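Engineer: sequence first, predicted coordinates after that:
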Amino acid sequence: MLLAHNMTTLALLSCLLGSLTCVAQDNNRPPQGYQAIFNGRDLTGWHGMGDSDPYKLSAMTNDQRAKKRAEDQVDVAKHWTVQDGELVNDGSGVYLTTDLDYGDIDLWIDYKTVPQADSGIYLRSTPQVQIWDSTEKGGKWSLGADKGSGGLWNNSPGAPGKDPLILADHPLGEWNRFHIRQVGSRTTVTLNDKLIVQHAVMENYWNRALPLLRKGPIQLQTHGGEIRWRNIFVRELSTEVANRVLGEEADKEFIPLFNGKDLTGWQGARDGYEIVDGSIQCRTGTGGTLYTAKKYTNFVLRLEIKIPPGGNNGLAIRYPGEGDPAYSGMCELQVLDTEHSKYASLDPRQAHGSAYGQLAAHRGYLRDAGEWNFQEITVQGSKVRVELNGSVILDGDLGQVTNFMNGSVHPGKDLASGYLGFAGHGDPVAFRNIRIKKLP
């Protein structure tokens, strides 16, 4: 019953998020709001690229990249053709790769393959949404082919999304249809209208210590047997839609901490904040720490954050109600327009999402200043995890920190409970849709 409920929820969400047509069209004609990235006639918009580490590719000179591109294009001509509105690969050669990079997307794509084939769809240059012969005769049950196509096969063993939730492959020789939605690293896959992967983190195959790349090309893998593709449609998701996708995954156990109207349930520096368009916003030139009336121990906090150019604030975690929350509390999770020029000499432990002065978050996953960001914070014992716009930027244990910024020990880092709050520094940083779920 749970799977059926999830499938119904996914179908409703797909319609809710602005697609007026919830089924992809045929003959390479995109539904309203989508773009066809294969025109049905030729390879315009695509080029060839082998299985390439995007970090190494980025480190090449322009001349080196141009040389590689030229060599790959020769290979494309040998193994890729267009026949009757279908992209056809003979099972060999470099991968067909979009000229454009994509971030948060909805992707529709049809494929048809043959016995013993093995292929996949790379997202942001990263393997992969798996495609293969799921029959026993295909010879790859030992690798998981018996579970079917659509899983994030390169995720770590046991990680969510690696194995499909259900086998949904059509018989070999018939067309299959994927619908893939990716926001940050959060990836949902349906195959032939069946839910295969639900909101799982797609791991960064090239460097598992880092989140998935923020943007990258879509690639069609070649691997051992003919595969045909058609009806390849992309819809790039706006900030509003991306945040709604992340927010719709909220568990019903989350309860609001802010009513959208006033500061009921909040204490501390109430004069330093105001209600603006349904958000709590720090008053320019004032600030201080505004914090909840209740204390919390272990929890998941979800909220949206908007930072003006150069803006600075912080999330006070297990704050005791007095002192500088960066030191008197368990930590202050930095809220900062990290990439602003005035922060060029920033200590890594001061970047957005960092446990201020203690643990550094990965940079490069904030949206542009003035846009709303979706952030999730999980605090369990001494462990803190921060997910920003669908990408995990911090996952660490404050109990194991021994090296502090400027050598300043944080006396509150071992607090077992405390208030949640906003540590304002005079910039009009805003917060909305603030929700919490208590953990054991």
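Structural biologist: Everything's here; your move. Numbering: from 1, shown residues only.
Engineer: show me the contacts for the spatially most central residue of the chain.
Structural biologist: Nearest to the centroid of the C-alpha atoms of the chain, with distances taken as Cα atoms, centre = their mean, sits G184, at 1.7 Å. The contact partners of G184, by Cβ atoms under 8 Å, 6 or more residues apart in numbering, come to 104, 211-212, 242, 246, 365, 387-391. In this view, the C-beta of every residue, glycine as well, is placed from N, C-alpha and C.
Engineer: mind redoing it with 10 Å?
Structural biologist: Residues touching G184, when contacts are defined by Cβ atoms under 10 Å, 6 or more residues apart in numbering, comprise 103-104, 201-202, 211-212, 214, 242, 245-246, 365, 374, 387-393.
Engineer: R363 now?
Structural biologist: Under the criterion of Cβ under 10 Å, 6+ apart, the neighbours of R363 are 338-339, 346, 348, 351-354, 393.
Engineer: now with 6 Å, please.
Structural biologist: The contact partners of R363, taken as Cβ atoms under 6 Å, 6 or more residues apart in numbering, are 338, 351.
Engineer: SS state for it?
Structural biologist: Assigned with DSSP: H, G, I helix; E, B strand; the rest coil, R363 falls in the coil class.
Engineer: for it, give me phi and psi.
Structural biologist: Dihedral pair for R363: phi -100, psi 160, per degrees, to the nearest 10.
Engineer: begin at 80, not 1, for the rest of this chat.
Structural biologist: Taking 80 as the first residue, the last one we looked at is R442.
Engineer: okay, the residue nearest to the centre of the chain: pLDDT?
Structural biologist: pLDDT recorded at G263 is 97.
Engineer: now do it against L380, distance only.
Structural biologist: Spatial separation of G263 from L380 under the definition Cβ to Cβ, to the nearest Å is 17 Å.
Engineer: over to G129?
Structural biologist: The value you get for G129 to L380, if Cβ to Cβ is used, is 43 Å.
Engineer: secondary structure element holding P194?
Structural biologist: In this structure, P194 sits in neither a helix nor a strand according to DSSP states H and E.
Engineer: contacting residues for it?
Structural biologist: Taking Cβ under 6 Å, 6+ apart as the criterion, P194 is in contact with 212, 251.
Engineer: check I456 too.
Structural biologist: Each residue near I456 by Cβ under 6 Å, 6+ apart is listed here: 380, 465.
Engineer: secondary structure element for it?
Structural biologist: Counting by DSSP H and E, the secondary-structure element that holds I456 is strand 451-459.
Engineer: per-residue confidence averaged over that strand?
Structural biologist: 98.
Engineer: partners of it, with directions?
Structural biologist: In its sheet, strand 451-459 lies beside strand 378-385 (antiparallel), strand 462-467 (antiparallel), with partners assigned from DSSP bridges.
Engineer: redo those strands as CSV? Include mean pLDDT and distance to G351.
Structural biologist: Listed next are these as CSV, based on pLDDT from 0 to 100; distance: least, Cβ to Cβ, whole Å:
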stretch, mean pLDDT, distance to G351
strand 378-385, 97, 17
strand 462-467, 98, 24
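Engineer: quick one: closest of those to Y174.
Structural biologist: Using Cβ to Cβ as the criterion, the shortest distance between Y174 and the strands paired with strand 451-459 is 29.4 Å, found for strand 462-467.
Engineer: buried ones in the closest one, by neighbour count?
Structural biologist: Under the neighbour-count criterion of 16 or more other Cβ atoms under 10 Å, strand 462-467 has 463, 465-467 buried.
Engineer: check stretch 376-385 too.
Structural biologist: For stretch 376-385, the buried set under the neighbour-count rule, 16+ other Cβ under 10 Å, comprises 377-385.
Engineer: go on, stretch 243-251?
Structural biologist: Taking 16+ other Cβ under 10 Å as the basis for neighbour counts, the residues of stretch 243-251 that come out buried are 243-244, 247-248, 251.
Engineer: cool, and stretch 334-346?
Structural biologist: Counting neighbours by 16+ other Cβ under 10 Å, one finds that the buried residues in stretch 334-346 are 336-337, 342, 345.
Engineer: show me the two of these that sit farthest apart.
Structural biologist: Using Cβ to Cβ, the two most remote members of the buried residues of stretch 334-346 are L336 and L342, lying 10.8 Å apart.
Engineer: do you know how far I297 is from S204?
Structural biologist: 9 Å.
Engineer: an error on my part: the question was meant for I210.
Structural biologist: The span separating I210 from S204 equals 17 Å under the rule Cβ to Cβ.
Engineer: also L316?
Structural biologist: Look at L316 and S204: by Cβ to Cβ, they are 19 Å apart.
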